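# I would like the atomic coordinates for the input below:
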Amino acid sequence: MNRAIMTTVSRTLFMRQLTRTQQLIKFSTNNRNFVPLIVTPYHSTAGTWGMRPSCRRSSPCWGSLRLSCESLSGVGSRWLSVGRGAWDKKPVSLADEIMSSKLAEVKETDKTAEKVTSDASEGTEGGEGEKKREEMPKWQKYTYMFFGVTFGGLIIANGILFSLADKDEHGNNIEDEFSNLSFPSQYYQRLKNKIFTTKKAIEEPFSDKLLPDPLEPPYYQPKYTVVLELTGLLLTSNWTHKHGWRFQKRPGLDIFLAQIGYPNFEVVIWTVENSMTFFPIINGMDPNNQHIMYRLFRDATRFRNGTHTKDLHSLNRDLKKVIVVDWNQNSTQDNPENALTMQKWTGDNTDRSLIGLAQFLNEIKDSDVDDVREVLQYYKQFEDPIEAFRENQRKLEENMKIEEERKAKEKETSRFSSFGGISSFSRFRR
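Okay, the predicted model is just below:
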């Protein structure tokens, strides 16, 4: 098109840019709605171009408007598409359009102001929080510095003292395998070795042989060794604010120790507790040292994965003759085949499990079992092995009683039959 024609269609923005030469034209459609359209006429030397909608009754716009531009001088006609119209349910006047645009501007301005205010308040709060976190009283800084320097100095001083050579009773240095090394190397190697030795002393038993060798004649050495846990099996402990730590003996403990003590069994108390607290308690359980032969504590256990375990290979006894009675399976995980796991005692005064345990152990002794692990493996399948043993004993007594009655009947029957044979023989002689 040789002539420049500009047509601007808008709903809100260009309504504010009306000029004197512009006029609002509304095109009606068959949908009974109205579409506002701004038409700006331009003049040229060839004449004025007029604009009219391309919608006719025979071909309605259906939401899409086109303007046919015809030259008044007959140059020709051109079609100009203005896109889809915005359909409203009701006609909108110029004043309503201006008012709605102003309200939209006011809302946008308010939203922008609120957003700026919220961002500013969040930034202010965050800045104040950072300032509060950053600000620290001087006394607190000096306290942290003092403790840091003190602990650091103590660690360094202990490391130096720990790396020094041991001294004899006269104050002279004891030569070791690191004494011939140079100045920095011998202290470093000695410190490393002592740290490793200390770690091993905490995690490993204090000796490879926890018990002395078996007694030799003329002394009597029991055939079987019974290892007993202390807390949770023979007694329980509780703590109160008024009385502190208090310990309670399990019902039947004295009878139990008297029945399985020396010379019936070699009784060893092996607990995961510390010796300082529980050594006097064991002495109170056996004041005359008649029943308990040996006492082992936490330093005789092996610390592994946060658990103190009892390694029976360090016990210096034949494992075929060793019975470990405990309530904690983790403590006997190194030798589960030698363990008799019972339920933990929590203070029930009606409990009689120790009496049943004494009967169980004496039955093993009287039966002269060659390998106790076979018997213990059988009772491992029961949740309460002592109750299972009692049930088996009851069944055994019933069977023995029935067997005795059967034998008695057979004996009486044989006696009567012998009498009948004699009478028959006498009758035969007659």
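# In contact with the closest residue to Trp345 other than its chain neighbours, which residues are there?
Closest residue in space to Trp345, ignoring its immediate chain neighbours: Arg250 at 5.4 Å, by CB to CB, 6 or more residues apart in numbering. Where you see a C-beta, it was placed from the backbone N, CA and C, and this is true even at glycine. Contacts for Arg250 (CB atoms under 8 Å, 6 or more residues apart in numbering) come out as 233-236, 345, 351, 353-354.
# now swap in Arg298 and tell me
Counted by CB under 8 Å, 6+ apart, Arg298 has contacts 271-275, 308.
# And the furthest pair within those residues?
Using CB to CB, the pair of these lying farthest apart is Ser275 and His308, separated by 13.2 Å.
# more neighbours, these two?
Using other CB atoms under 10 Å, the more surrounded residue of Ser275 and His308 is His308, with 19 against 15.
# And that one, how close does it get to Gly171?
From His308 over to Gly171 the distance is 38 Å, taken as CB to CB, to the nearest Å.
# try Asn330
Relative to Gly171, and taking CB to CB, Asn330 is found at 47 Å.
# For these two, indicate the residue with more neighbours.
Neighbours were counted for Asn330 and for Gly171 using other CB under 10 Å; Asn330 has more, 13 against 6.
# Helix, strand, or coil at that one?
Put simply, Asn330 is helix when judged by DSSP: H, G, I helix; E, B strand; the rest coil.
# quick one, phi/psi of the closest residue to it other than its chain neighbours?
Nearest residue to Asn330 in three dimensions, chain neighbours excluded: Thr307, at 4.8 Å (CB to CB, 6+ apart). As for Thr307, its main-chain torsions (degrees, to the nearest 10) stand at phi -130, psi 140.
# And for Thr307, the neighbour number?
Using other CB under 10 Å, Thr307 has 13 neighbouring residues.
# and Ile323, that's in a strand?
Yes. Per three-state DSSP, Ile323 lies within a strand segment.
# And the average pLDDT for the host helix or strand of Ala104 is what?
Assigned by DSSP states H and E, Ala104 falls within helix 94-134. Per-region confidence: helix 94-134 scores 68 on mean pLDDT.
# helix or strand right after that helix?
Assigned by DSSP H and E, the successor of helix 94-134 is helix 138-162.
# Outline the domain layout of this protein.
As assigned by automatic domain parsing, the chain contains the domains 14-92, 138-203, 225-381.
# deepest of the ones you listed, which one?
The highest mean neighbour count among the domains of the chain, using mean count of other CB atoms under 10 Å, belongs to domain 225-381: a mean of 16.
# and of the contacts of Arg298, the nearest to Gly159?
Asn274 (27.3 Å).
# shouldn't the closest one be in contact with Phe297?
Yes. Counting by CB atoms under 8 Å, Asn274 does reach Phe297; the two are 6.3 Å apart.
# model confidence over the helix or strand hosting Lys200, on average?
For Lys200, the enclosing helix or strand under DSSP H and E is helix 183-203. For helix 183-203, mean pLDDT rounds to 84.
# Show me what secondary structure element comes after it.
Remark: after helix 183-203, the chain's next helix or strand is strand 225-228, criterion DSSP H and E.
# which residues sit against that next one?
Contacts for strand 225-228 (CB under 8 Å, 6+ apart): 234, 260, 265-270, 310, 312, 315, 317, 321-326, 361.
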